[in-house]
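Participant: Everything below, folded, please.
(4 chains)
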Protein chains: 2
Amino acid sequence: MNAKDRARYEARARIVKAMAHPTRLFILDRLAEQETCVCELTEMIGADVSTVSKHLSVLKSAGLIKDQKRGVQVYYQLRTPCVMKVFSCIEGVIENSIKEQLELV
Amino acid sequence: MNAKDRARYEARARIVKAMAHPTRLFILDRLAEQETCVCELTEMIGADVSTVSKHLSVLKSAGLIKDQKRGVQVYYQLRTPCVMKVFSCIEGVIENSIKEQLELV
DNA sequence: TACATATTTGGCGATTTTGCCAAATAGAGG
DNA sequence: CCTCTATTTGGCAAAATCGCCAAATATGTA
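Facilitator: Predicted coordinates for the structure are as follows:
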């Protein structure tokens, strides 16, 4: 594997890593449905605001979401809808695993 | 967010985390093309065999790949082809980011 | 200006991840 | 049985991630 390929996989990994957390997956799921402000997300998630804010900043630096300030509040939006396709793939993997475990019994 | 939802996002995150490493993304990419043995992957990646083996075990426990022993060698295969869709989504995110950076200039 | 609310940032301890080495395990062939 | 090759596992130190608290910042309002 040459340097160029290595760089490509690292770039991809940066984005996948940004998604690799239950709270961040929840945020993406929610934003796919509708844009939401930090305070609302914080309430839904039930963690410290600073924690939620940091998760948002991870998603934003990865280019997955964008923000828009309105008054005192900051609304976050999904930048690309294809994130949902990723979810359906993941669900497929989970279903496969469950099926297989049933077959073993 | 209730306990059931929380569990669902954690299950998803386990799988996304399994993909969240450049070497593991490379392995998935390669296996999508053709099944490959550990020794071959190790050579392509250029890391210690034990390192590659551990990466493979991460992908396997997540249910993303499966192995098949043939003689002394172990061949790994993709368990679901939809991983490639994830890649195309990721590429889209990367392209969006690049476009936007160009617009800023 | 002073105050209240919303959000981000700095920092810290705790946990997890990563990659290498060394050692253990497994199968093929002499 | 012994040896060689392929692979996995145990263990450890370095690096990254996580979540909370405290403090800083920003904005709307009295």
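
Participant: the strands in chain A, which residues?
Facilitator: Listed in chain order, the strands of chain A (DSSP state E) span A:36-37, A:65-70, A:73-78.

Participant: wait, does the last one contact DNA strand D?
Facilitator: What it means is strand A:73-78. No - if you take C-beta under 7 Å from any atom of the strand as the test, strand A:73-78 misses DNA strand D, and the best it gets is 8.7 Å. C-beta: built from backbone N, CA, C; applies to glycine.

Participant: ok, residues contacting that strand?
Facilitator: A:27-28, A:31-32, A:35-39, A:41, A:56, A:59-60, A:64-69 (C-beta atoms under 8 Å, 6 or more residues apart in numbering or on different chains).

Participant: Of these, which are in range of DNA strand D?
Facilitator: residue A:69.

Participant: pretty sure residue A:44 is in contact with residue A:27, am I right?
Facilitator: No - using C-beta atoms under 8 Å, residue A:44 makes no contact with residue A:27, being 9.1 Å away.

Participant: Compare these two (neighbour count), which wins?
Facilitator: The residue with more neighbours, out of residue A:44 and residue A:27, is residue A:27; 26 against 15, by other C-beta atoms under 10 Å in any protein chain shown.

Participant: Longest helix in chain A, please.
Facilitator: helix A:83-104 (DSSP state H).

Participant: helices or strands up against the worst-scoring helix or strand of chain A on mean pLDDT?
Facilitator: Using mean pLDDT, DSSP states H and E, the weakest-scoring helix or strand in chain A turns out to be helix A:83-104, at a mean of 90. When contacts are defined as 3 or more C-beta pairs under 8 Å, 6 or more residues apart in numbering or on different chains; DSSP states H and E, helix A:83-104 sits against helix A:22-33, helix B:3-19, helix B:83-104.

Participant: Residue A:24: what's it in contact with?
Facilitator: Contacts of residue A:24 (C-beta under 8 Å, 6+ apart): A:18, A:55, A:58-59, B:13.

Participant: Give me the contact list for stretch A:83-98.
Facilitator: Residues contacting stretch A:83-98 (C-beta under 8 Å, 6+ apart): A:19, A:25, A:28-29, A:32, A:64, B:11-12, B:15-16, B:62-64, B:79-80, B:82-83, B:85-86, B:89.

Participant: Of these, select the buried ones using a PyMOL command.
Facilitator: The PyMOL selection below is limited to those of the contacts of stretch A:83-98 classed as buried (16 or more other C-beta atoms under 10 Å in any protein chain shown):
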select buried, (chain A and resi 19+25+28+29+64) or (chain B and resi 11+12+15+16+62+63+64+79+80+82+83+85+86+89)
